[in-house]
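S.K.: Build me a model:
(4 chains)
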There are 4 protein chains.
Amino acid sequence: MEDGTQQEQASPAVQKRIQASFDRQGLMAHLGARITHIGPGCVHIVLPARPEVTQQHGYFHAGATSAIADTAGGYAGYTLFPEDTDVLTVEYKINLLAPAVGDHLEAIGTVLKSGRTLTVCRLEVFGLQDGGQRKLVANGQQTLIRVNQPTQ
Amino acid sequence: MEDGTQQEQASPAVQKRIQASFDRQGLMAHLGARITHIGPGCVHIVLPARPEVTQQHGYFHAGATSAIADTAGGYAGYTLFPEDTDVLTVEYKINLLAPAVGDHLEAIGTVLKSGRTLTVCRLEVFGLQDGGQRKLVANGQQTLIRVNQPTQ
Amino acid sequence: MEDGTQQEQASPAVQKRIQASFDRQGLMAHLGARITHIGPGCVHIVLPARPEVTQQHGYFHAGATSAIADTAGGYAGYTLFPEDTDVLTVEYKINLLAPAVGDHLEAIGTVLKSGRTLTVCRLEVFGLQDGGQRKLVANGQQTLIRVNQPTQ
Amino acid sequence: MEDGTQQEQASPAVQKRIQASFDRQGLMAHLGARITHIGPGCVHIVLPARPEVTQQHGYFHAGATSAIADTAGGYAGYTLFPEDTDVLTVEYKINLLAPAVGDHLEAIGTVLKSGRTLTVCRLEVFGLQDGGQRKLVANGQQTLIRVNQPTQ
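M.R.: Presented below is the predicted three-dimensional model:
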């Protein structure tokens, strides 16, 4: 999971659709997050450390950790949806396993079950040091719904 | 719940401790969130609408909704903790019930059960129009842990 | 919430439909659970204490507590569904707040949001002593889906 | 994961401690569940199909599915705890991914993170046909707490 370039990529059309949707998310740009991998049923999002995403002790805020986890899961599900549909998060649950420290966070959303209406994803967030250390800092589970008319 | 000024307030010492911790959260300032009520076991946080907190359709991003819900719950628990302790989120689960629209969001964290080690909170987020309409857009449940040495 | 007879009842047709479905649940009979209230968007289920529903310390097993909570929530949602539909649990989350002790447990499922496809319920379980003491022992949140063809 | 006998086993002392605790759970015997594997940080529980564990359509009841998932996770955590401690479930969340059908269910609890106070487990439940088909029917996540004095 360390290197998106060695993993299976989604089709160019799917990658384009997801990147375009991501680029319309004001919050992701405001936090400084970017997509680093779009595979079939799997999306990675990276968030660099900076003071704007911290909680009171200078770690990544659980809200920032969760925001990229939720977004990675949502787009992981969306890679498997037909065109002219959209995705909404129904709910998610996340455990914050360790202080979220590191030079950046990497959130990985992975589809566990893709159904006609509902999709369930695993959410993982790792804290990474530039030197290479990698630690699981959050783990969650998410339910998505497919909306058959685009909501925009 | 509409008007924090008519509700029971926490002691000045508790209010000061919580406001000071909140002010150290880089993410809350970056999102534009502010605390509007600190009562015993209950904290309100408001987030005004602006492009920096949106998802792809211009609604509030689930990550922003969750960030203020998690923070409101964490500080609700913290109002009941002794001095020289700190609070960490163990986990939370949130259902996104409706598109999060409005001129601002109000997150309300309320303690359901406060134990020696663990505290459980209810999380609610309302979308509010300036004219007064108020709608529940998210509902969740959170587990907190009390840390007996301050982590900072 | 103490006395189902003073609360609003669902229509006789809805009550009959729900009781009939409950009576087909082998697990509920095997545990010794029974429905004590069927209101619009709210169902109560009671489970008497006996050795067959315990965990290793003689308290009610979290599995028994959860089973009646999930069932109460599912039927609470079902009271609001049209005829010729069915209900399935998508997911739930439950916090076990205190040892589940008492002469019986009472699970209360209450609809928070009823949508066309998905319904979200609050789940509460109380431990009750015959003398009248009543304590919240578990609290949860559940997502249901409406199935438009009956699954049986 | 298919064959417990080929997997790493916990020490005989740990296996004995967990089996003894399981045998005191009235609910597990009443449902007909049994432990089939006790490894370090991983426990399997099997539940055969019979009318006493069904919901209204004859599938395994979500309450039965959850009960064995919660128990497998709890004991998975407990394999890593020191003697003279006990384990309690703080909370869990479970998605019911597919109708729980099969000749028996197999629940697998696996420790994701074991801390001094809190442990987080992954919960998986598979439906198995005697002929060999195996399908993931539920997936969840659980938080446990270590209690330093035995509660019994």
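S.K.: since we're on residue A:20, how many residues are nearby?
M.R.: Neighbourhood size, residue A:20 [other Cβ atoms under 10 Å in any protein chain shown]: 10. All C-beta spots, glycine's among them, are computed from the backbone N, C-alpha and C.
S.K.: what mean pLDDT would you report for the helix or strand hosting residue A:66?
M.R.: Element membership for residue A:66, per DSSP states H and E: helix A:62-78. On average, the pLDDT along helix A:62-78 is 98.
S.K.: for chain A, what spans make up the strands?
M.R.: A:34-39, A:42-48, A:86-96, A:104-114, A:118-128, A:134-147 (DSSP state E).
S.K.: Residue C:131 is nearest to which of the ones you listed?
M.R.: strand A:86-96 (37.0 Å; Cβ to Cβ).
S.K.: re the thing from before, is any residue of the helix holding residue A:66 near chain C?
M.R.: No - contact of helix A:62-78 with chain C (Cβ under 8 Å from any Cβ of the partner chain) is absent, the minimum separation being 13.8 Å.
S.K.: near chain D, which residues of chain A show up?
M.R.: So far as Cβ under 8 Å from any Cβ goes, chain A lies against chain D at A:93, A:95, A:97-98, A:112-113, A:120, A:122, A:136, A:139-141, A:143.
S.K.: What is the most widely separated pair among those?
M.R.: Top of the distance list for the residues of chain A next to chain D (Cβ to Cβ): A:98 and A:113, 27.3 Å.
S.K.: more neighbours, the two?
M.R.: residue A:113 (16 against 13).
S.K.: Name whatever forms a beta bridge with the more buried one.
M.R.: residue A:120 (DSSP bridges).
S.K.: Surely it and residue D:98 touch.
M.R.: Yes - between residue A:113 and residue D:98 there is a contact under Cβ atoms under 8 Å: 7.4 Å.
S.K.: Find residues that contact each of these two.
M.R.: residue D:136 (Cβ atoms under 8 Å, 6 or more residues apart in numbering or on different chains).
S.K.: Show me which residues of chain A sit near chain C.
M.R.: A:90-91, A:93, A:117-118, A:120, A:143, A:145.
S.K.: Any of those buried? List them.
M.R.: Buried by 16 or more other Cβ atoms under 10 Å in any protein chain shown: A:90-91, A:93, A:118, A:120, A:143, A:145, out of the residues of chain A next to chain C.
S.K.: And for the residue positioned nearest the centre of chain A, nearest residue in space, chain neighbours not counted?
M.R.: The centroid of chain A falls nearest to residue A:72 when counting by Cα atoms, centre = their mean (1.5 Å). Leaving aside its sequence neighbours, residue A:72 sits nearest to residue A:109 (Cβ to Cβ, 6 or more residues apart in numbering or on different chains; 3.4 Å).
S.K.: what's the neighbour count on the one you found?
M.R.: 29.
S.K.: do the same with residue A:51
M.R.: Counted with other Cβ under 10 Å, the neighbours of residue A:51 add up to 10.
S.K.: Which residue is the nearest non-sequential neighbour of it?
M.R.: Nearest one to residue A:51, counting by Cβ to Cβ, 6+ apart, is residue B:26 at 4.4 Å.
S.K.: hmm, back to that, report the contact partners of the residue nearest to the centre of chain A.
M.R.: For residue A:72, the contact set (Cβ under 8 Å, 6+ apart) comprises A:43-45, A:107-109, A:123.
S.K.: what does residue A:96 give?
M.R.: Taking Cβ under 8 Å, 6+ apart as the definition, contacts of residue A:96 comprise A:62, A:65, A:137-138, B:88-91.
S.K.: Next: residue A:55.
M.R.: Residues in contact with residue A:55 (Cβ under 8 Å, 6+ apart) are A:61-62, B:24-27.
S.K.: Just the pLDDT at the residue lying closest to residue A:105 once chain neighbours are set aside, thanks.
M.R.: Excluding the flanking residues, the one nearest residue A:105 by Cβ to Cβ, 6+ apart is residue A:47, at 4.6 Å. With respect to pLDDT, residue A:47 has a value of 98.
S.K.: Look up how far residue A:29 lies from residue A:47.
M.R.: Residue A:47 sits 12 Å away from residue A:29, going by Cβ to Cβ, to the nearest Å.
S.K.: Who has more neighbours out of these two?
M.R.: More crowded of residue A:47 and residue A:29, by other Cβ under 10 Å: residue A:47, with 24 against 15.
S.K.: what does chain A have sitting close to chain B?
M.R.: A:21-22, A:24-31, A:50-58, A:61-64, A:66-68, A:70-71, A:88-96, A:151-152.
S.K.: Is it possible to mark the buried ones in the residues you listed?
M.R.: Looks like these have A:21-22, A:25-28, A:30-31, A:53-57, A:61-64, A:66-68, A:70-71, A:88-96 buried, using 16+ other Cβ under 10 Å.
S.K.: Where does the prediction get shaky in chain A?
M.R.: Along chain A, the parts satisfying pLDDT under 70 run over A:1-6, A:149-152.
S.K.: mind redoing it with 90?
M.R.: Applying pLDDT under 90 to chain A flags residues A:1-7, A:83-84, A:130-132, A:148-152.
S.K.: Could you pull up the residues touching residue A:127?
M.R.: With contacts defined as Cβ under 8 Å, 6+ apart, the neighbours of residue A:127 are A:60, A:98, A:100-102, A:105, A:134-135, A:137.
S.K.: List only those of the residues you listed flagged as buried.
M.R.: Applying 16+ other Cβ under 10 Å to those flags A:60, A:100-102, A:105, A:137 as buried.
S.K.: what's the most distant pair in the residues you listed?
M.R.: A:101 and A:105 (9.3 Å).
S.K.: Can you work out which residues contact both of these two?
M.R.: Shared contacts of residue A:101 and residue A:105, defined by Cβ under 8 Å, 6+ apart, are found at A:60, A:127, A:137.
S.K.: Can you lay out those as TSV showing distance to residue D:13?
M.R.: Formatted as TSV, those follow (distance: Cβ to Cβ, whole Å):
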residue	distance to residue D:13
A:60	40
A:127	36
A:137	33
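S.K.: and which of the residues you listed is nearest to chain C?
M.R.: In terms of Cβ to the nearest Cβ, no member of those lies closer to chain C than residue A:137, at 20.5 Å.
S.K.: Please consider this matter closed, and thank you.
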